[in-house]
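Asks: Predicted coordinates and the sequence they were generated for:
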Amino acid sequence: MNKGIIYYTGGGLPENVAEAARQQLLTIGLPIVSCTLEPLDFGQNIIIEGERGYLTMFRQILAALEASTAEIIFFCEHDVLYPKDHFDFTPSRKDTFYYDHNWWKIGNGDLAVHWDADQVSGLCCDRQLAIDFYKQRIANFSSDNFDRKFEPMSGIQSESWKAPTPHIDIRGKWNLTYNKWSLDNFRNKATAANFTQTTIDNIPGWQHNDILKTILR
């Protein structure tokens, strides 16, 4: 089964972060479909009109999915650094969403945090499965009652894996989701399974990569 990457961004983040994430993706060697609000010379670029926000992001994801010809899709976000071995994973089922749980969030000084949870930034699945999901999500979307659950079928029709090397989620003021840096930030602490706090120097697999410190300057 052939694999591909979809990349989507609404902008608003520092260019050094965006550039670092894009350059890292170019080293992977998989075809990339990007969907943006402004032209971007990155993979096969699709532009849609809209204001940055939840519904626009879902529309971008769907547009990129429909433009891709890959059977297996890796969701790649504009502020995440992905190691090559993240893309070695191959789903065993076409009817299941798979989430890579080996990730760390950075961006609060040199702080790095992790807990076991599904994240869209670590999603891999069958392309048609994702298309069907996002078509329905867009059709049923209402800003008045959106529950801020972004992960398709998390805990219902999903499984997880852990790549050998973690992917790095760079957090900042541009994020559409809340930043959580301690257990006190969780209303339901049961959702923070295996919460761990360290510094970027101690993230496994990235100890000798100065890119983490560079993008945080």
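Replies: Structure received. Residues are numbered from 1 along each chain as shown.
Asks: Using CSV, list the CA coordinates for the helix or strand where residue 16 lies.
Replies: Assessed by DSSP states H and E, residue 16 sits inside helix 15-26. Taking C-alpha atoms only, helix 15-26 is exported to CSV below (Å, rounded to 0.1, in the frame of the first residue of the first chain):
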residue,chain,number,x,y,z
GLU,A,15,8.3,31.4,10.0
ASN,A,16,11.3,29.7,11.6
VAL,A,17,9.0,27.1,13.2
ALA,A,18,7.0,26.6,9.9
GLU,A,19,10.2,26.3,7.9
ALA,A,20,11.8,23.8,10.3
ALA,A,21,8.7,21.6,10.1
ARG,A,22,8.5,21.8,6.3
GLN,A,23,12.2,21.0,5.8
GLN,A,24,12.0,18.0,8.1
LEU,A,25,9.0,16.7,6.1
LEU,A,26,11.0,17.0,2.9
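Asks: Remind me what the helix or strand that it is followed by packs against, helices and strands.
Replies: Using DSSP H and E, the next helix or strand after helix 15-26 towards the C-terminus is strand 32-36. Here strand 32-36 touches strand 3-9, strand 44-47, helix 54-67, going by 3 or more Cβ pairs under 8 Å, 6 or more residues apart in numbering; DSSP states H and E. All C-beta spots, glycine's among them, are computed from the backbone N, C-alpha and C.
Asks: follow-up on the earlier one: what's the angle between the helix holding residue 16 and strand 32-36?
Replies: Interaxial angle of helix 15-26 relative to strand 32-36 (axes from the mean of the first three to the mean of the last three Cα atoms, to 10 degrees): 150 degrees.
Asks: residues of helix 15-26 that come out buried?
Replies: 17-18, 20-22, 24-25 (16 or more other Cβ atoms under 10 Å).
Asks: what's the spacing between that helix and its chain's center?
Replies: From the chain centre to the centre of helix 15-26 is a distance of 13 Å (Cα atoms, centre = their mean, to the nearest Å).
Asks: Likewise for stretch 81-90?
Replies: Remark: stretch 81-90 is offset 12 Å from the chain centroid, using Cα atoms, centre = their mean.
Asks: Please list the residues outside it that contact it.
Replies: Residues from elsewhere that reach stretch 81-90 (Cβ atoms under 8 Å, 6 or more residues apart in numbering): 1, 3, 5, 20-21, 24-25, 27-28, 30, 72, 74, 76, 98, 100, 122, 124, 161, 163-168, 170, 205, 211-212.
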